[in-house]
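Enquirer: Sequence unavailable; structure follows:
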């Protein structure tokens, strides 16, 4: 099992299930990853190898949405908050190892290099919020769409 851990970005602090190897991302989720980090399904491994902070922020926002902490409209705002948090300490991935019998072993404090975001400071012990968040409203209707700027209208003389 893998988790995304958010620390220091209240009210989103916590540990969220997000099995990187097993998760099937939706087209909407891939759109968020592309829009906010630039990665596509065939290039995302480059982001993991480089421990791209914007990729991790997008994945954390997706984990929050899947956990019901935010709705679709909240994803861009949460990503903006996450990218302003200190790199390497606010978001990290944790993984459990599986032994030969398929049983999970304790969480690995140092995930594989392809998934690790290394902190740039010693940091502090992780504490998770025990608060229960209010239920987010369901997404109904048509989501807001972006509008493009039209060229100025010129009148023929």
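Expert: Everything's here; your move. Since the model is a prediction, treat every value here as computed from it, not as a measurement.
Enquirer: alpha carbons only for contacts and neighbour counts from here, please
Expert: Noted.
Enquirer: average pLDDT for the longest strand anywhere in the chain?
Expert: The longest strand of the chain (DSSP state E) is strand 91-98. Averaged across strand 91-98, pLDDT comes to 80.
Enquirer: Residue 58 is in contact with residue 36, isn't it?
Expert: Yes. Between residue 58 and residue 36 there is a contact under CA atoms under 8 Å: 6.6 Å.
Enquirer: hang on, the earlier thing: what comes up buried for the longest strand of the chain?
Expert: 91, 92, 93, 94, 95, 96, 97 (16 or more other CA atoms under 10 Å).
Enquirer: Make CSV from these and add distance to residue 66 to it.
Expert: Listed next are the buried residues of strand 91-98 as CSV, based on distance: CA to CA, whole Å:
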residue, distance to residue 66
91, 16
92, 17
93, 16
94, 17
95, 18
96, 20
97, 23
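Enquirer: which pair in these spans the largest distance?
Expert: Farthest-apart pair in the buried residues of strand 91-98 is 91 and 97; separation 19.9 Å (CA to CA).
Enquirer: The particular helix or strand that has residue 4 in it packs against which elements?
Expert: Under DSSP states H and E, the secondary-structure element containing residue 4 is strand 2-6. Under the contact criterion of 3 or more CA pairs under 8 Å, 6 or more residues apart in numbering; DSSP states H and E, strand 2-6 touches strand 14-17, helix 53-66, strand 91-98.
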